[in-house]
Each structure stands twice: as C-alpha cells, then as structure tokens.
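1. Sequence below, structure please.
(2 chains)
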Amino acid sequence: MQRLLLLLALAGAVAPAWSQAWPARPLRLVVPYAPGGPVDISARLLAARLQQGLGQPVVPENRPGAGGNIGVDLIAKGPADGYNLVMSAIATLAINPSLYSSLPYDPLKDLRHVTLLVQVPNVLIVRPDLPAKSVPELIALGKSRPGKLDFGSGSTGSTGHLAGEMFKMVTGTYMVHIPYKGSAPALADMMAGRIDLMFDNLASALPSIKSEKVRALAVTTRKRTDFLPGLPTLDESGLKGFDMTTWWGVSVAARTPQPVVDRLSAEILKAMDSPDMRERLRGMGSEPPAIRTPDHFAAFVAAELKTYTGLVRRSGAKVD
Amino acid sequence: MEAMFTNLGIGFTEVFKLQAVTIAGVSMTLPFNILMCLIGVILGTLIGVLPGIGPVATIAMLLPVTFNLSPIAALIMLAGIYYGAQYGGSTSAILVNLPGESSSVVTCLDGYQMARRGRAGPALATAAIGSFFAGCVATLVVAMFAPPLAEVALKFGPAEYFSLMVLGLVSSVVLASGSLVKAIGMVILGLLLGLAGTDVNSGVLRFSFGLAEMADGIGFFTVAMGMFGIAEIISNLEQKEHREVFTDKVSHLWPTADDFRRIFGPILRGTIFGCCLGILPGGGALLSSFGAYTIEKKISRNSREFGKGAIEGVAAPESANNAGAQTSFIPLLTLGIPSNAVMALMIGAMMIQGIAPGPQVMTERPQLFWGMIASMWVGNLMLVLLNLPMIGVWIKLLTVPYRILYPSILVFMSVGVFSISNQPFDCFLMALFGLFGYVCVKLECEPAPLILGFILGPLMEENLRRAMLLSRGDPFVFISPSKPISLGFLIASALLLIVIALPALRKKRDEAFAGEEHG
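-> Coordinates of the predicted model:
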C-alpha cells in the first residue's frame, strides 16, 4: 500500500515536471505534402493557434514525396521528445500501407496518434445530364450498362478511387476508373460530360454542386452533412453501413511520453474549439470530429487501416 | 458593355476605398486594399527574381496572415503575388540565365543573349512593357468574356489536350537555333526524363532506382537550374582569358525607337496567344510562352537573330506568359475550377474566408469579383512603375565581380531547389544536371527543347492514356470528326512538320543536284 502511494506520489511529481519542462524550445510540424493543399493549410492554421497555447513557436515544415510517406517516416523514426509532430492522414496511415509494397514505417507501432483534426465527407456526384437522379437509379443504370460508366478520381489509391471501388463491390456494378491528377481536372471533365460520376471530397465538390454544374446524389458518411442537409447518405440509399471520410490529424513518434501526448492533445483540442479556427476548418468542409482522445484516435486509425487494406487489395492498385 | 463599365466602376471604388485600420495601436484611414495590392506585387517580384521559391510556396506561407484581412484584401494581395512573380521571373532569366519561373525558360533564350551583348536594359524594359500591355489587355478580356471563355475551356478534354501537346512538341523543334537532329534528340531526352516517377494510372514507380526521393519524378527547377544556370557558370569559368563582363558593353538602358518598332507586333501577338492558351487549365499559360516564341521565330524578318539576342524573342513570350497568368483566373472565377496550383490555393483562401468559388461569386459578391479584376489593372500598373526604375539597379548587379556573383548565384539556386522539397537529394540532382548541361553545351545541344519535352511529356502521356481509357482503347478518338479541335491540332502539327522538314529536304536535293553537275 505504501509502495503504491509512493508510486502515485512519484507519478504526480513527474507529470507536472514534464508538462512544465515541455515545451522548452520550438516545435516542428512536418507536413508531408507540398505547400498549398488542404492538409498544409490546416497545419498552418493549427500551428498559429498552437503556438499561443504552448508558448513556443510551432514551425510547419513541408517534406513532400512518395505520397506523404517520406515526411511521416521522418517523424516515425525521429526522436520521441514531443518536439517533432507530423500531419498524418488517411493516405499515410490507412491506405499506403497496403498500396505500397514496402512502407518504411508501421502506422500503428511506430507512431502515437494524438488528435484527429479534420474529417471531410466524400460526396457521390454525377454529371448533370446523367439520367440517374438517385442512388438506386444510378445502380440500375450501372447494371443495365456494365462497363459503360466512367468514374473519375483525384488519383489511383485516393479515397475517391477506393470509395468507387467499394461502391462497385457493394452494388455489384462494373464501372471504369479514370484517374486524374487531383480532383479539379476530373470535375472539369465531369462538367463537360466526359465522365459520369465520381466520389469527391465535399470541400472541392461543394462549389460545383451549389452552382448546379454537377449533381450530388449522396454523401458517404453515416450521418448527413450540415453543408447539404437535403442530401441523403449512401447508408439511407440502400448501401447499409457505407461510411467513408477523408481525415487527417497530428501524430508523434511512438515513444513520446504520455504527459506530453496528453498536453499536446489538450492544446490541439483547445485550438480546434476556438470559434475562428472552427470557422476556418468548416470552410474546408470539415465538421468537428467526434473523436477527441489519443486512444480513441489510435483505435480509429487501426479500424480504418483494416478497412482500407481490404479495399486496396480488391482494387488491384499497387505502388512498388 | 455599359454594364461592364458600371461593374468596373464598382471594382475600382472597392480597390481605392479608404478604410479605417488600426496598426500597432494607431488607427488611421488608409486605402487599405491598394496597399495590399502593392505589398503583393512587391513580394511577387522578389520571389520571382529568386529562383525556386515560387508563388505557390509563398502564398501557402502567407495564407494564415490573410485570415485577419477582409476577403477582398486577402485575394488582391495573393493575386498580386502571382502575377508579380511572372514579372520578376524574367529578371533573373535575362541577367544570369536563370529561369526564376517555369514560364521564363523561353525568356532565357534571347534575354540572356541580349544581356551578353550589353543590352540587358532594353531586354528588361521590353519584358516589363510587354507584360504591362499584356496584363492590361488580358484583364479586359477577363472582365468582358470570362463566362463564354470558360465554356471554351470546357471543350478541351483529354483528346484535345493531347493533340495540343503534340503541336507544342512539334513546334518545340523550332525553338532550337542549331541542328534539327540535335533538337529532336533533346526533345526525346526531355520526354524520357519526364517519365520518371509514379505512373498516373497504375501507381507503379518508373525509373526511380528505388529512391523514395524520385517517387514524384524529377522536379522542374532541378532540371532547369542545372541545365541553364549551372551549365552557364561552368562554361563561363572555362574561359580564363576573357571572362565576360557585360557592363563594359552597356550602351543604354532603354529600348531605342527601332526596338520599339520591332517589339510592337510580337507583344500584340504574344498577348493574343497568351489570352487564348491561358484559359486552359494545366500548363496552358506555360505553353503560350513557348508558342509565342515559336511563332515570332517563324514569321519575324529577323528570324536569324533568334537565339542570339533578338528583342522579339523577349517581347513575345513575356507578353504571352503575363496574359496567360491573368486569363488563368477565368476557370477559377467562373467555374470554381483551379487551372494550376496557385489557383487551387486561391480557392483554398476563398473557402477559408467563407466564400464558395464559382459562378455565383460574380452575382452574390460583385465587390469582390470586380474589385479583384480592377486590382489586377492597378497591380500591373504598379509593377511597370516599380520595375522600370529598377532596371538601373539590376544592371548594377552585373558589375559585381564574377568571383562573388557566381558563388552567390549557386547559393541562391541551391537554397531555391532545397526549399521546394527540403531534400538535399534535389541539390545533388541539380548539380548532376549542371554537369550534363555543360556536356550539352560542348556538344552544341540546346537545353530549351529538352525542357519543353520534359514539361510536356508527362502531360501528354496522362492525357493520351486518359483519352484511351475513356474511348476504351479506340485510337481514332483523336481524329474523329466529333472532335474537330483535336483533329485541327493534329493537322496543324502535320503541316508544321512539313514546313520544318522542307528546307532540310530541299537542301539535300540541292546537294544531290550539285553533286550531279560536278559529276
């Protein structure tokens, strides 16, 4: 009993010591993509806010390459001191492990996932002159014309591509995947009527949906989105259990001390909950994620990894 | 027409509006939007001059700063950075043979040669004047014809892009002033270099040698700075006796009356060309500077001078790339589709400000839409006023002794290349391309066709394969009557090939005849 008390007292003494000592110098936040994308923009927003909470500069650093793997690997193999953070995402944590035949890091063992920052729904959009006006009609159309419909995506192995593959798998339709470099050119081809449908993330598709240049049929999340409350979910439209989002958050090296992870998580949540940050993230199509603890985030990553491993295998996509 | 003037009136009022602002605790009334425009174009000019640090990285870094501004002030500043960089890019291209921006590659060809002949002043002035004229005209085009032009842009699908690129590639052979065979060889080498990286369709890595750094292919700046900048330095160091000192030969800073006569046509044609190609997403603005140069070289009375310092060779591409930079706003403003990475960032900036980009912006937020267009005019005026007096300062830069100038250029290039991906690997690769570029100089193989092949190769492949996927493997999709645009480009390419090949063929025949007479 005495020993336990001593331990507790020690733990109590150590924890505040850690949180007082850390952070004693500037932090770096690695963005594993080129500047300008949504992950980069949100990282810069977060860095500015986090800096106020931690009292130390938080410096975003772009380390693009190999679909984000280079930047994530840097942190996974780096010092576990709480000064090295990375913007981790569905691609680097859940998709790339099965897409790339050799990934230098293990997304569950080498990293400690701190906070889920952004979760953006994907929407199923079709060209405005496609006869299908709802998901069941689209499925019927796909079945009556196997191999005739084209579905676009931002790239091979993107969530848009994998959502399409999952749609094909669940509905038993056959459509041809047309990969683009980013969703903008795919959207342009859809407006011009060259491709029939695509799963795009809400933020990039929203302007075209609002101006009726493309038609939205469903959202891929379990719950409807606040941005388009009239839009049914795929789950409601007969595809039971269909639930896909594009997400990203902050991770650190696996051995980072728990008090540091907790403090970091608390500060990131505080930043996210501030009204202006919430407003900016909303502008990117993100509703505040329900996942709010490091353990919950880690469990979420593990579940997503499992889902996408199966999907990638089915889609046949591979990067050596 | 009348409506347009009313709208532009709204825009200019917005740009020049006086606002009460508080800076460092002192509140004052300032024309805030115009100040933001000024800051944007100055920043843009600076990053344009510095190689590597492009508008994309700059705008991304400044995004958090703009959140505290009003949407209009933020967008005016960001737009200013973009077209300011187009101005600045030509400066380093002309002075030290460094393309500060990808579209400045063509400016290197004759701009740097003009500088070598002591005519850096007129070259810089021509670039500024051409850019200003093109910027003004293109802004007018955006104001008047944005919606119909956006419809035209949508007519371009994978098949049309592919055929356009074929035309671009064929005309790139004209870029070279030396041997035709060598030019074709360089184009093909460029195409091959462009293939390195991840395959778009299958995601398989090609020519990456197992290096993760090569997974995204070879960077444009890595190749361009190596082949142009470093190669030039090496070949200059080789000459021990008379290393070039440009300033000894500087005769005047301003273009002469004769120069003005010569640049008038090229500026006009370059502007039209840039306006047209700028609306096409994905490399349209870039193609326009190559295309404008090619046209001038073919039709100019001074075509022999091209590649040796023809002022037309600076005027046309500079006008084209600036016109293209302005009209590339059209797909963004009317469809909400970004035509390049900078435009994608502008969309990000708008969304974070709570504005959904797209056609409704014009009707729902006329102040924003027309304010932005009006600001482009003002910005272009500021740029020309800023840049013309700067010419004298830039020329002074050339008086810096070589032993100081060259190491500093090397440092700037390395910093620039490193800043793109934060990888030392890219700097080594740049050095390697520098060495290769030097070998090319020795072999009299010109780098420009290689660079164009390098840029166009991946785009061509992507569009070819997409067109084939969409047509389920039908090769006739490019020449089918249902795609008149694609067919037209391919016919034009065929004609151009004949025009290029004819002189060579005729020469051979003449030689053959000559041989017969002697025999």
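
2. any chance you could map the helices in the stretch 201-350 of chain B?
-> For the stretch 201-350 of chain B, the helices defined by DSSP state H, counting those that start in this stretch cover B:220-224, B:231-238, B:257-278, B:284-299, B:312-327, B:329-335, B:341-352.

3. tell me what the second one is packed against?
-> It stands for helix B:231-238. On a contact count with 3 or more C-beta pairs under 8 Å, 6 or more residues apart in numbering or on different chains; DSSP states H and E, helix B:231-238 meets helix B:402-421, helix B:424-442. Placement of C-beta: from N, CA and C, glycine included.

4. Any idea which of the helices of the stretch 201-350 of chain B gets closest to B:Q113?
-> With C-beta to C-beta as the criterion, B:Q113 lies closest to helix B:312-327 of those, at 8.3 Å.

5. The closest one - contacts with which helices or strands?
-> Partner elements for helix B:312-327 (3+ C-beta pairs under 8 Å, 6+ apart): helix B:71-96, helix B:105-116, helix B:120-154, helix B:257-278, helix B:284-299.

6. Give the buried residues for that helix.
-> If you call a residue buried by 16 or more other C-beta atoms under 10 Å in any protein chain shown, then helix B:312-327 has these buried ones: B:312-327.

7. residue ranges with poor pLDDT in the stretch 201-320 of chain A?
-> Regions of the stretch 201-320 of chain A meeting the criterion pLDDT under 70 cover residues A:317-320.

8. Where does the closest residue in space to A:G82 that isn't next to it in sequence sit, in terms of helix or strand?
-> Among residues not flanking A:G82 along the chain, A:V260 sits closest, at 3.7 Å (C-beta to C-beta, 6 or more residues apart in numbering or on different chains). Using DSSP states H and E, A:V260 sits in helix A:258-273.

9. what's next to that helix, contact-wise?
-> Helix A:258-273 is contacted from outside by A:14-15, A:18-19, A:22, A:46, A:49-50, A:52-54, A:81-82, A:85, A:112, A:114-115, A:117, A:250, A:252, A:277-278, A:281, A:288, A:292-294, using C-beta atoms under 8 Å, 6 or more residues apart in numbering or on different chains.

10. Quick check: next helix or strand after it?
-> Assigned by DSSP H and E, the successor of helix A:258-273 is helix A:275-283.

11. Report whether whichever helix or strand comes after that next one contacts chain B.
-> The helix or strand immediately downstream of helix A:275-283 is helix A:294-315, counting by DSSP H and E. No. Using C-beta under 8 Å from any C-beta of the partner chain, helix A:294-315 never reaches chain B; the gap is at least 10.1 Å.

12. quick one: low-confidence ranges for chain B?
-> Ranges of chain B meeting pLDDT under 70: B:1, B:23-24, B:52, B:175-177, B:240-251, B:282-285, B:504-519.

13. what residue is smack in the middle of it?
-> Closest residue to the average C-alpha location of chain B: B:S103 at 1.7 Å, with C-alpha atoms, centre = their mean.

14. what sits against that one?
-> Applying C-beta under 8 Å, 6+ apart, we find B:S103 in contact with B:Q86, B:G89, B:A285, B:L286, B:S289, B:P317, B:N321, B:G324, B:A325.

15. Same check on A:D196?
-> A:D196 makes contact with A:V126, A:R127, A:L130, A:L149, A:D150, A:F151, A:M175, A:M190, according to C-beta under 8 Å, 6+ apart.
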